[in-house]
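Student: sharing a model prediction with you, sequence too.
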Amino acid sequence: MLLQQREHVRTIQIKTEHQEGLQTDSDIASDTFIRNALKRYYPKWGIISEESTDQPGNEWVWVVDPLDGTHNYVHGHDDFSVAIGLTFRNEPVMGVVVLPARSEMISAVKGQGAFWSRGNDYTRLELGNQFWPVGLLSVSSNIDFSAPECRAIVDKIQESDLFAEFRRRVIESSAQELCYVARGIFDAHINFYAHPWDVMAGAVIVTEAGGQFSWIPSKTGRPHALASHNHIHDSLKIMIAQA
């Protein structure tokens, strides 16, 4: 549906709070489709979504980003995703991230591992202990806006001896970037002032692949989310907390 609508996408509004971006008719269409499906099969479960009012429920709650990477989507880039997480008593227990333009799906269930699939290819994700002296970190796009705390964190990492040097990436689809951590493509992903739908699905995928995920309090708003490989996680947590 998202691929079919991309040729005729229409902007509904610009979200001005914290420069969070666009909302399109495709965001709403995807949200409506997912919510209706979830309510049909799991009517008593709650739903939290970026694009609509929360639906109360019981101990089980879906956390949905129906179109993560809207700016990429409207400009014709393939880096956009659909992310659906599931929590039980506020603990993430399942995550699914679909990359429609790449025909890829990454999924995980707590205690059962994480998996990447495309067509008939199906691979279990298992992070090793390989360490590269040049780190590759992705960060949410807040770093490019007027967010001094975000820049201070990146500066602190750059000034540390954690890596000989590092490169920064911004894809603008946190769900996809978290999957890249789980696949070993990125060493870490930092989402500044993260919403639950930004990271909940990816959190399960990263941890089931053998990485780590943490929420870290911020000084000025929502907490930051950190996902990374094991050997750098604690050091990054300290630097982010102290910045």
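Tutor: Everything's here; your move. Numbering: from 1, shown residues only.

Student: so which elements touch the longest helix seen in the chain?
Tutor: Secondary structure assigned by DSSP state H gives helix 25-41 as the longest helix of the chain. Judged by 3 or more C-beta pairs under 8 Å, 6 or more residues apart in numbering; DSSP states H and E, helix 25-41 is in contact with helix 2-5, strand 11-15, strand 46-49, strand 52-55, strand 60-68, helix 70-74, strand 81-88. For the C-beta atoms, the positions are set from N, CA and C on the backbone; glycine is no exception.

Student: what pairs with the last one, parallel or antiparallel?
Tutor: Sheet partners assigned to strand 81-88 using DSSP bridges are listed as strand 60-68 (antiparallel), strand 91-99 (antiparallel).

Student: hang on, the earlier thing: hey, least reliable of the helices and strands packed on helix 25-41 by pLDDT?
Tutor: If the helices and strands packed on helix 25-41 are sorted by mean pLDDT, strand 11-15 sits at the bottom with a mean of 66.

Student: for Pro148, which of the strands paired with strand 81-88 is the nearest?
Tutor: Ranking the strands paired with strand 81-88 by proximity to Pro148 (C-beta to C-beta) places strand 60-68 first, at 25.6 Å.

Student: need the CA coordinates for the closest one. PDB is fine.
Tutor: Backbone C-alpha positions of strand 60-68 (Å, rounded to 0.1, in the frame of the first residue of the first chain) are rendered in PDB as follows:
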ATOM      1  CA  TRP A  60      -0.600  -6.100  26.400                       C
ATOM      2  CA  VAL A  61       0.100  -2.900  24.300                       C
ATOM      3  CA  TRP A  62       1.100  -2.600  20.700                       C
ATOM      4  CA  VAL A  63       3.500   0.300  19.900                       C
ATOM      5  CA  VAL A  64       3.300   1.400  16.300                       C
ATOM      6  CA  ASP A  65       5.100   3.700  13.900                       C
ATOM      7  CA  PRO A  66       3.100   3.200  10.700                       C
ATOM      8  CA  LEU A  67       5.700   5.100   8.500                       C
ATOM      9  CA  ASP A  68       9.100   5.800  10.000                       C
END
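
Student: quick one: distance of that strand to the chain centre.
Tutor: Relative to the chain's own centre, strand 60-68 is displaced by 11 Å; criterion: C-alpha atoms, centre = their mean, to the nearest Å.

Student: and for stretch 35-45?
Tutor: Relative to its chain's centre, stretch 35-45 lies at 23 Å (C-alpha atoms, centre = their mean).

Student: list of residues touching that stretch?
Tutor: Ile47, Ser49, Ser52, Gln55, Gly57, Asn58, Trp60, Val61, Trp62, Val64 (C-beta atoms under 8 Å, 6 or more residues apart in numbering).

Student: ChimeraX command to pick out the buried ones of these?
Tutor: One line in ChimeraX is enough to select the buried ones among the contacts of stretch 35-45; burial here means 16 or more other C-beta atoms under 10 Å:
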select :47,49,52,55,57,60,61,62,64
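
Student: which pair in the contacts of stretch 35-45 has the greatest spatial separation?
Tutor: Taking C-beta to C-beta as the measure, these span a maximum distance of 19.1 Å, between Ser52 and Asn58.
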